[in-house]
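1. My questions concern the predicted model and sequence given below.
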Amino acid sequence: MAWRGARAVPDFPTMPAQAPPRPDTITIPATMLPSDGRFGSGPSKFRPEAATALAERAVDYMGTSHRRTGVRRVVAELRSGIAELLGAPAGYEVVMGNGGATAFWDAASFGLIETRSHHLSLGEFSSKFTDVTMSAPHLAEPSVRVGDFGTCPPLDAVDGVDAYCYPHNETSTGVMLEVRRPDGDDDALTLVDATSAAGGLRFDATASDAYYFAPQKALSSDGGLWIALMSPAAVDRIERLAASDRWIPAFLSLKLALDNSRKDQTYNTPALATVFLTVEQVNWLNGNGGLEWAAGRSDRSADILYGWAEASDIAQPFVSDTAIRSRVVGTIDFDDRVDADTISAVLRANGILDTEGYRKLGRNQLRIGMFPAVDPADIEALTVCLDYVCEQLIA
C-alpha cells in the first residue's frame with residue numbers, strides 16, 4: 001500500500017520501463033470500475049428507473065397532444081415540482097419554453113432586458129449570453145466584467161443598466177458563484193443562468209428574478225427545453241415590453257411562454273420525453289429531501305474528487321479558490337507526465353464516459369460531472385481508476 005498525502009492508495013502492477021501503452025491496451029480491473037460510468041457535464045447521467053417509467057407510459061402519454069389533459073397534467077406536475085425543489089417565494093412563477101438556455105438568452109434580450117445589461121463573463125457559456133446582448137440591435141452595448149478562467153469577477157452595481165446577468169455555475173470551468181443582487185441597485189433585474197446548477201446547488205431564490213436552466217444536467221433529462229423561476233418584477237418587465245412597440249419573434253416571446261405556462265403547456269410542441277424525464281428526476285429529488293438532500297449528495301462527491309486531487313502528486317483542482325470551486329462540475333488539472341486526453345481515452349475504452357475537459361479551455365484537464373444522480377461511491381471508484389490509469393501511463 002502506497003501513501004499519497006494523507007490517503008492510502010492501493011499498489012498497482014506497473015508496466016516494464018518502456019514506451020507508455022496504447023490507451024486501448026489498458027484494461028482497468030473490473031473490481032475497480034464504478035457501478036455506472038457516466039460522468040458527463042451535460043448531457044449527464046439519468047437514472048434508468050426514469051427510462052423504465054417513460055416506457056410504461058408509451059401508450060397513453062407519448063404520441064399524444066401536448067394541449068390535452070394527459071400531457072398538460074405532466075407539465076403541471078413539472079411546474080409544481082420545480083417550485084417545490086427551488087423553494088419558490090410567494091408570487092414567483094415557473095415558466096417554460098422550447099429551445100434550451102441558448103434560446104432563453106435570445107428571448108431575454110427581447111423580453112427581459114429593457115435597454116442595457118451588465119454581464120459577468122468567466123467562461124464559455126457566460127460569454128455567449130454577453131455576445132447575444134452585444135449583437136442585439138435594439139439594445140445598448142452591454143457592460144461586461146471579464147474574469148480569467150477559473151476565477152470569478154466581483155458583482156458590483158453599474159449605472160445605467162436594468163439587468164445583471166451571470167451564471168450560478170460556469171459549466172466550462174467549474175466555477176460556482178453566489179446567487180445575489182448587487183449592492184446599491186434595487187431596481188434592475190437579476191438574471192441567473194442555472195443550467196448546471198438548478199437541482200444541485202443551494203441558493204436563495206429571492207436573490208434572483210429569472211433563475212433559468214435547461215434540464216440536461218442536474219435534472220437528468222435531455223436538452224431543448226428551458227425552465228425559469230421568475231419573480232413578479234420579471235413578470236412585470238415581460239408584460240410591459242410585450243405591450244411596447246418592440247418587435248419580438250413569437251418563438252422568443254416570453255409573454256407567450258408565460259401565458260402558455262399558466263395553462264400548463266408550451267407555445268409550440270415540446271419534446272414529451274424530455275418533460276417526462278425531468279418530472280421523474282424532480283420527483284426523485286423532492287421525495288428524498290429536496291434541494292438540501294440533492295446538494296448534500298453533490299457535496300459528498302465533490303469532497304471525494306477534490307480531496308483525491310489535492311492529495312495527488314500528479315493532479316490538482318483547476319479552481320484554486322475553494323469558495324468558488326463548483327460542487328457539481330469538477331475540473332482537475334494534470335501535470336505534464338500524463339496527457340489528460342489519453343486518460344479520458346483509456347477511461348472511455350473501459351466504459352467510463354465523458355470525462356474530457358472542455359475543449360475550448362485547451363488545458364491538460366478532466367471535467368467530471370457530480371450531479372445528484374451520480375452516486376458518490378462511483379466518484380470514489382473513479383478516483384481509484386484514475387490512480388490506476390496514471391500508474392500505467394507513467395510506468
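-> Structure received.
2. all contacts plus neighbour counts: C-alpha atoms, from now on.
-> Fine.
3. Now the terminal residues of stretch 317-329, how far apart.
-> For stretch 317-329, the first-to-last residue distance is 11 Å (CA to CA, to the nearest Å).
4. In it, which residues are buried?
-> 317-319, 324-329 (16 or more other CA atoms under 10 Å).
5. from the residues you listed, which single one is nearest P372?
-> For the buried residues of stretch 317-329, the residue nearest P372 by CA to CA is V328; the value is 8.1 Å.
6. surely the closest one meets A198?
-> No. V328 is beyond contact range of A198, at 10.1 Å (criterion: CA atoms under 8 Å).
7. Show me the common contact partners of these two, please.
-> Common neighbours of V328 and A198 are not found (criterion: CA atoms under 8 Å, 6 or more residues apart in numbering).
8. picking that back up, with distance to L258 and pLDDT added, can I get the buried residues of stretch 317-329 in TSV?
-> Below are these laid out as TSV (distance: CA to CA, whole Å; pLDDT from 0 to 100):
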residue	distance to L258	pLDDT
P317	41	98
F318	40	98
V319	38	98
I324	33	98
R325	34	98
S326	31	98
R327	31	98
V328	29	98
V329	31	98
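9. Among those, name the ones in strands.
-> Mapping the buried residues of stretch 317-329 onto strands (DSSP state E) picks out 317, 329.
10. Which of the buried residues of stretch 317-329 sits closest to N169?
-> S326 (6.9 Å).
11. where's that closest one relative to Y267, distance?
-> According to CA to CA, S326 and Y267 sit 34 Å apart.
12. can you map out the helices along the stretch 151-300 of the chain?
-> 232-242, 254-261, 272-287, 290-311 (DSSP state H, counting those that start in this stretch).
13. Can you list the buried residues in stretch 33-45?
-> Result for stretch 33-45 [16+ other CA under 10 Å]: buried residues 33-34, 36-45.
14. should've said stretch 233-242
-> 233-235, 237-239, 241-242.
15. Can you tell me which of these is nearest V95?
-> V95 has its nearest neighbour among those in V235, at 9.8 Å by CA to CA.
16. for the closest one, what are its contacts?
-> No contacts exist for V235 under CA under 8 Å, 6+ apart.
17. So for the most centrally placed residue in the chain, what's the pLDDT?
-> Geometric centre of the chain, nearest residue: S196, 1.0 Å, by CA atoms, centre = their mean. S196 is assigned 97 on the pLDDT scale.
18. Would you check that it makes contact with T171?
-> Yes. Here S196 lies in contact with T171, judged by CA under 8 Å, at a distance of 6.2 Å.
19. Pull up the overlap in contacts between those two.
-> Contact criterion CA under 8 Å, 6+ apart; residues shared by S196 and T171: 41, 329.
20. Show me where the protein has its strands.
-> Secondary structure of the chain by DSSP E: the strands cover 2-4, 7-9, 93-98, 117-121, 143-146, 163-167, 169-170, 175-176, 189-193, 210-213, 225-230, 315-317, 329-334, 365-369.
21. could I get those as JSON lines with distance to R202?
-> Listed next are the strands of the chain as JSON lines, based on distance: least, CA to CA, whole Å:
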{"stretch": "strand 2-4", "distance to R202": "32"}
{"stretch": "strand 7-9", "distance to R202": "29"}
{"stretch": "strand 93-98", "distance to R202": "18"}
{"stretch": "strand 117-121", "distance to R202": "20"}
{"stretch": "strand 143-146", "distance to R202": "24"}
{"stretch": "strand 163-167", "distance to R202": "14"}
{"stretch": "strand 169-170", "distance to R202": "11"}
{"stretch": "strand 175-176", "distance to R202": "11"}
{"stretch": "strand 189-193", "distance to R202": "13"}
{"stretch": "strand 210-213", "distance to R202": "12"}
{"stretch": "strand 225-230", "distance to R202": "14"}
{"stretch": "strand 315-317", "distance to R202": "21"}
{"stretch": "strand 329-334", "distance to R202": "14"}
{"stretch": "strand 365-369", "distance to R202": "17"}
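22. of all the ones you listed, which lies closest to D354?
-> strand 365-369 (7.7 Å).
23. and the closest one with helix 290-311, angle?
-> Angle between the axes of strand 365-369 and helix 290-311 is 160 degrees (criterion: axes from the mean of the first three to the mean of the last three CA atoms, to 10 degrees).
24. Tell me, how many residues neighbour G289?
-> 11 (other CA atoms under 10 Å).
25. next one: A107
-> Neighbours of A107 (other CA under 10 Å): 24.
26. show me where pLDDT drops low in this protein?
-> For the chain, the stretches flagged by pLDDT under 70 are 1-20.
27. again, 80 this time
-> Applying pLDDT under 80 to the chain flags the ranges 1-24, 395.
28. Walk me through the domains of it.
-> The chain breaks down into these structural domains: 2-47+290-393, 64-287 (assignment by automatic domain parsing).
29. re the thing from before, for the residue nearest to the centre of the chain, what are its contacts?
-> S196 is in contact with 41-42, 168-171, 213, 217-218, 328-329, counting by CA under 8 Å, 6+ apart.
30. what about 6 Å?
-> Counting by CA atoms under 6 Å, 6 or more residues apart in numbering, S196 touches K217.
31. can you list the residues that contact stretch 314-330?
-> Taking CA under 6 Å, 6+ apart as the rule, stretch 314-330 contacts 150, 174-176, 299, 302, 309-310, 331-335, 367-371.
32. For that stretch, measure first residue to last.
-> Its start and end residues considered, stretch 314-330 measures 16 Å (CA to CA).
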